[in-house]
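**Student:** No sequence on hand, only this structure:
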Ligand SMILES: Nc1ncnc2c1ncn2[C@@H]1O[C@H](COP(=O)(O)OP(=O)(O)OP(=O)(O)O)[C@@H](O)[C@H]1O
Ligand SMILES: Nc1ncnc2c1ncn2[C@@H]1O[C@H](COP(=O)(O)OP(=O)(O)OP(=O)(O)O)[C@@H](O)[C@H]1O
Ligand SMILES: [Mg+2]
Ligand SMILES: [Mg+2]
């Protein structure tokens, strides 16, 4: 650890003893050293950002801290005393709460029960659970996060983002001394993120120590007090946030500097590829009309649960819209299944990579080739060498961090899994690409690579519809942006009209608009 | 062929069924007298296919005779024919195999008699008038159906004019199903006077059900039952009397017949006869289905007086 | 969307709790058969059905626990036979395998005097043997990571084989049973049969367990998302084990009731019963992939099967052919589960429409 | 129940794959029984016995394998075989009805229709599990066979069918090989190519591994399921043909309980009820192993329950032992790595 990490800012916190210290921690997975002699410390009342490339070992470090994984070397100290986190309950007893990168929700149980799982609200000291208290406290927590989710709702009926909010509520409910958040905002839009930021700041001021992992650099810079960088499982250093700039941080993470984050999009918008008229599906969205052109990147943004995912899923035949018509190059088409959509030249990058995007036990290359098996036939039979070639090609192209293309995707880090899904999408050879949160959980370097790919594709005449909750992404990449608000399109903005305020006000529910304005400027 | 070199493969309907355990005792007894060797087996699930597997095993081992109580009279014919081609003698006992597949059938009793005695018994018990029902095993069982048709035949006689057979139900030789069927009879026919159950599983379940409903003596019961299972019900009057032939004698006769066939003293043709140890001489008769059979004896009537002598035997 | 609390119209209530829909199916079946045979729709017959189904309900409640953790047990009928047989051998006072005899002699001596074995001992032996079988299932499945269908299919063969070995193929009859055991399933209290009381006790116990206690709720958690359960420190293996032990113990109990009712214990007792129990659970709305299902639903599901079976018995008595029964039974099970799905879909549609989008 | 940390360490060397494990077991089983029963337990006799243990259950298992790969299960196969056989026997009507081959064609059609019904129900009602649907159709199909056939058995097939197909054999290299065995062996190479080497086969594995992701990737999962259930129904009918040729008659109870045997064999061969796994070669070897084991036990113990007990043990052990071995291996590897760290 660099010495400067311990030099401090003015608040005199240097005298405060760290709540949590990690010394010489190593973690092995068969065949890979995920953590290698990592150091880290956390003081009460600070927000400590943990950054690094995909596969750097951030999530693994968190899991070691919370007792999900056992370290293979080194030790963990709390309040200066060594502790052994034998399982997650021990960590919880030490006052550590965590939100994991991949949802750890129970889809068949109610939101309230999800929140208080393993922290059951009992009747007095008796052995029986009090459901009334559980629901009341869950409701309070959710409202404090600015969410309208009903605590009695089944978790599985919520969208990914809503589930993320419930997970946050769950972590908050433990009133922990150490709160760990692994990519809490990956699925959230600006507004929910802001609510979260406020709560996180409040907790910090109450003395909670917070570890924040995020691939959104803005999160780090708006929230964190200190930032630590991991690279290839090793600690690179810890800095006060004021001491670093985005560029230096990125070069620490990637080991090189990235000159251009958002590529210049120069392609000309061409003929109309896709037109949607009056599409609606009861209970999900209504009266959706828009068009997508060759060479265009069209943004689709809005708040969590606005129905964006539902719209793109209907376009791709995952679900069936009740009314409305889809036109491809002016011809009306009907799409009953994703297979139809692919045949018509529409391909989808789904929202939930683990459930919808990947066959986790399968190798990288088999995942990638699944979409176009017909390209790997020799005399009617599948040709293994041909699949290998494609696998290697994409692993290189997207710099997927894996030992071989034969490695199962379940052992990849979150961001690298996302890259595999993107690789699969690229094999589809479809003119219309629909990407739902394409850069969710992807590190800065790879993000830039993905943006570059998108821009290149647009230049080749592809039409791209990008669902995104990240404002900068929409602002910098899109030619036009559609904004959705509770199932309907509330605005269509051109690039020259883009401002964060306009996008947000179109997204916010009408009654909450004023409050949102305050959040933004407050 | 020397008797001690003769091997018999015994096949019965179901492994672990006490009736056939008793039948095997008959083979044991005959073995003590004749000195042959035998193996016995039945499928766990009383299936035809399971019996075929067992028979194939015996063929492979090269037994001299197969003595089978068949689950499906027609279903084992092919495999038994292939056994016969290899010179193996086939005797069916208790439940016959179709004529093409056997050399000789050992019938426990004449089917007509089995039907008749049960009607006579129930008529006596209910005083010659009233509703009766039959609780049978499977609707597909050959011997059950034959007996039932003879019962119906018998009921046509004028002395039974006041007896009404209301229905025949099937308990599939499962205790709980038989019990439910019996309960159904009680609920649906309030005036029911008597029940005949020509199956050991059915009669035991029926007795339990009648007693559980507190109808002992109100609904009379007879049929074919195992003494070991029915002893208590016979003593307490739930079932005044029931019938069964002796499975030990059945196995015993089958063993003697098999040995006689293997030694060539008989060929299984009608008109021949063979010595069956303590049971004396057995005549072989034409069965009317293209094959031949021999009889073991009439069904035995079990009552409270004699049940204690038998309840530990089978 | 949350401006108004969901209305409490009867229709919504009905759709919200699928058990109510199921209860309606049940009543409809009841009325339909009752029209054909008035003897069917009587209180005494209803009580008989309840009594007759209570064994299945006990088993279905156990199966609920197992299905909740995302496991399944198709060895329950074998467990029933095995535990009843063990108790039966104690009653008879004779174990037929000489070698095992010596091992168990000590135990036998303390509990056996033919007719004299106290009932409570028999019950404990039955439940204990069942729980032990469940434990073995659970260990193989949770610690050995063998898929539950495979493990319990294998165990089914093994346990039936064992009950053959210990009994040497001999059945246990009324004459070998102590009167207390015979009366075990026959005594009545307040007009209700002992089986019904036992079923109600099991129901109450397990209802409290799965709705109000932590080990019970963890069954849901583990089945709903095993990875998440592990991450929050729930020992999924222990929950799976618990579910299988409960199932085993209840199967042991049910085996005794079954044996006492039939007054007969055979080595292959109850063969094939497991499929009806699973069907009862599914009709009652339990998900075979784990995580969801209610105990009330399971009871209604089992009752539906009971009514179908009894109804068919009663139907035929008014003229239907015996041969149609099997087909009708299959069709009715199919119709019940499909009806349930359709009601569920209607419910979802209704909720969607209320969103006003 | 598979924890987040899946050990990737495997059984060393050639025992790693189920196929090799099965092959080794076959050899062991053969030599053990052969030493006990040198006269009756021979390769020639085993070939002959394969009629009894390998063919009808084998065809059912062939169909079942595809369903299992897709992550479904079909417990109505035995009932389909029964219904199809019933229709065949009744329409042929001992030579009084339709020409025999037409009846057999009808039989295959019945298998197809039953499979189609299963498939339709499974794909139309995603909320329901195939297990429960086929549990209901199991009762239904056999119930229909019962309605048609009642308590009768039907049979009297042409003699070439019950004699030559059922019990006939062909001399190959001086060894009598049952005709039936040749029929089923002929199926395997084609089936291997279909399942393991073609695109639809690959998609079946995909759908069994993660049905949602496969659908999003353009796999027509419903169509695959339909194919699997229909194929399974037809295979059940084919199994029925061979079974009828052996029994020479049909009762509605024919083939009862075969579904579990078929599932057990497929699992033994490496399939998993949770989908996405299965091997045609493994299936064939598992059939051979079953034949060798069952026949040996039948000759040696001649006891139905002991036979089942051994099959049950085998089923559990063949899955359990490699699992335990894997756990032990990955624990040992990690311990070694840890040791290396603490030394350095
Ligand atoms: N269960 C596992 N088995 C094997 N390897 C694993 C496992 N979990 C993680 N890894 C490997 O450990 C390394 C670190 O992964 P980790 O998930 O900690 O990365 P991360 O920093 O969180 O990345 P991301 O930003 O993409 O989430 C990766 O190379 C990954 O492939
Ligand atoms: N009015 C509503 N009331 C309750 N739930 C709703 C409502 N609208 C949408 N939802 C829930 O939110 C989901 C729709 O959100 P969807 O995932 O399509 O939106 P999204 O804009 O992509 O948001 P996300 O960022 O969560 O992906 C649905 O699954 C539904 O359960
Ligand atoms: Mg991560
Ligand atoms: Mg979305």
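**Tutor:** Looks like it arrived, so ask away. None of these values were measured; they are calculated from a predicted model. Ligands and ions are numbered 1, 2, ... in the order given.

**Student:** is it true that residue C:331 touches residue D:138?
**Tutor:** No. The pair formed by residue C:331 and residue D:138 falls short of the contact definition of Cβ atoms under 8 Å, at 11.9 Å. In short, each C-beta sits where N, CA and C put it, glycine included.

**Student:** Comparing these two, which shows the higher neighbour count?
**Tutor:** Neighbours of residue C:331 and residue D:138, each counted by other Cβ atoms under 10 Å in any protein chain shown, are more numerous for residue D:138; the result is 23 against 18.

**Student:** what pLDDT does residue A:31 get?
**Tutor:** pLDDT for residue A:31: 65.

**Student:** and what of residue B:201?
**Tutor:** Confidence at residue B:201, expressed as pLDDT, is 87.

**Student:** can you check residue A:222 too?
**Tutor:** At residue A:222, the model reports a pLDDT of 85.

**Student:** list the contacts for it?
**Tutor:** The contact partners of residue A:222, by Cβ atoms under 8 Å, 6 or more residues apart in numbering or on different chains, come to residue A:197.

**Student:** and it, how far is that from ligand 1?
**Tutor:** Distance from residue A:222 to ligand 1, counting by Cβ to the nearest ligand atom, to the nearest Å: 20 Å.

**Student:** in which helix or strand would I find that residue?
**Tutor:** In this structure, residue A:222 sits in helix A:217-223 according to DSSP states H and E.

**Student:** and the next element down the chain from that helix?
**Tutor:** As assigned by DSSP H and E, the chain's next helix or strand after helix A:217-223 is strand A:226-231.

**Student:** Around chain A, pick out the residues from the stretch 201-350 of chain C.
**Tutor:** Applying Cβ under 8 Å from any Cβ of the partner chain, one finds that the stretch 201-350 of chain C approaches chain A through C:208, C:211-214, C:217, C:220-221, C:223-225, C:227-235, C:287, C:290-292, C:349.

**Student:** Filter the residues you listed down to the buried ones.
**Tutor:** Neighbour counting with 16 or more other Cβ atoms under 10 Å in any protein chain shown marks C:211-214, C:217, C:220-221, C:223-225, C:227-235, C:287, C:290-292 as buried within those.

**Student:** Which of these fall within helices?
**Tutor:** Those of these mapping onto helices are C:211-212, C:214, C:217, C:220-221, C:223-224, C:227-231, per DSSP state H.

**Student:** Return the closest of the residues you listed with respect to ligand 4.
**Tutor:** In terms of Cβ to the ion, no member of these lies closer to ligand 4 than residue C:228, at 20.5 Å.

**Student:** Would you mind confirming that the closest one makes contact with residue A:106?
**Tutor:** Yes. Using Cβ under 8 Å, residue C:228 is in contact with residue A:106, at 6.2 Å.

**Student:** Which neighbours do the two have in common?
**Tutor:** Contact criterion Cβ under 8 Å, 6+ apart; residues shared by residue C:228 and residue A:106: residue C:221.

**Student:** where does chain D dip in pLDDT?
**Tutor:** Across chain D, the ranges flagged by pLDDT under 70 are D:1-16, D:337-338, D:341-344.

**Student:** so where does whatever residue of chain A ends up closest to chain C fall, helix or strand?
**Tutor:** At 2.6 Å from chain C, residue A:283 is the closest residue in chain A, using Cβ to the nearest Cβ. Residue A:283 belongs to no helix or strand when assigned by DSSP H and E.

**Student:** mind checking the SS state of residue A:292?
**Tutor:** strand (DSSP: H, G, I helix; E, B strand; the rest coil).

**Student:** Now do the contacts for it.
**Tutor:** Contact analysis of residue A:292 by Cβ under 8 Å, 6+ apart lists A:272-275, A:298, A:432, A:463-465.

**Student:** With respect to ligand 2, which of those residues is nearest?
**Tutor:** residue A:465 (12.6 Å; Cβ to the nearest ligand atom).

**Student:** Helix, strand or coil: sort out that closest one for me.
**Tutor:** Assigned with three-state DSSP, residue A:465 falls in the strand class.

**Student:** and it, how far is that from chain D?
**Tutor:** 16 Å (Cβ to the nearest Cβ, to the nearest Å).

**Student:** Tell me the bridge partners for that residue.
**Tutor:** Beta-bridge partners for residue A:465, by DSSP bridges, are residue A:298, residue A:434.

**Student:** Am I right that it is in contact with residue A:431?
**Tutor:** No. In this structure residue A:465 lies outside contact range of residue A:431 using Cβ under 8 Å: 11.7 Å.

**Student:** what about the two, which has more around it?
**Tutor:** Legend: neighbour count by other Cβ under 10 Å for residue A:465 and residue A:431, higher for residue A:465 (27 against 21).

**Student:** so does stretch D:116-128 get close to chain A?
**Tutor:** No. Using Cβ under 8 Å from any Cβ, stretch D:116-128 never reaches chain A; the gap is at least 12.0 Å.

**Student:** May I see the buried residues of that stretch?
**Tutor:** For stretch D:116-128, by 16+ other Cβ under 10 Å, it's D:117-123, D:125, D:128.

**Student:** now do stretch A:385-405
**Tutor:** Buried, per 16+ other Cβ under 10 Å, within stretch A:385-405: A:387-388, A:390-391, A:394-395, A:398, A:400-402, A:405.

**Student:** who touches stretch A:379-386?
**Tutor:** Contacts for stretch A:379-386 (Cβ under 8 Å, 6+ apart): A:373, A:375-378, D:193, D:197-199, D:202.

**Student:** Name the residues of the lengthiest helix in chain C that are buried.
**Tutor:** Ranked by residue count, the top helix of chain C under DSSP H comes out as helix C:325-354. Buried residues in helix C:325-354, counted by 16+ other Cβ under 10 Å: C:325-334, C:336-340, C:343, C:347.

**Student:** Can you tell me the closest non-neighbouring residue to the residue nearest to the spatial centre of chain B?
**Tutor:** The structure's chain B has its C-alpha centroid closest to residue B:94; by Cα atoms, centre = their mean the separation is 4.9 Å. Excluding its sequence neighbours, the residue lying closest to residue B:94 (Cβ to Cβ, 6 or more residues apart in numbering or on different chains) is residue B:69, at 3.9 Å.

**Student:** Perfect, I'm done here.
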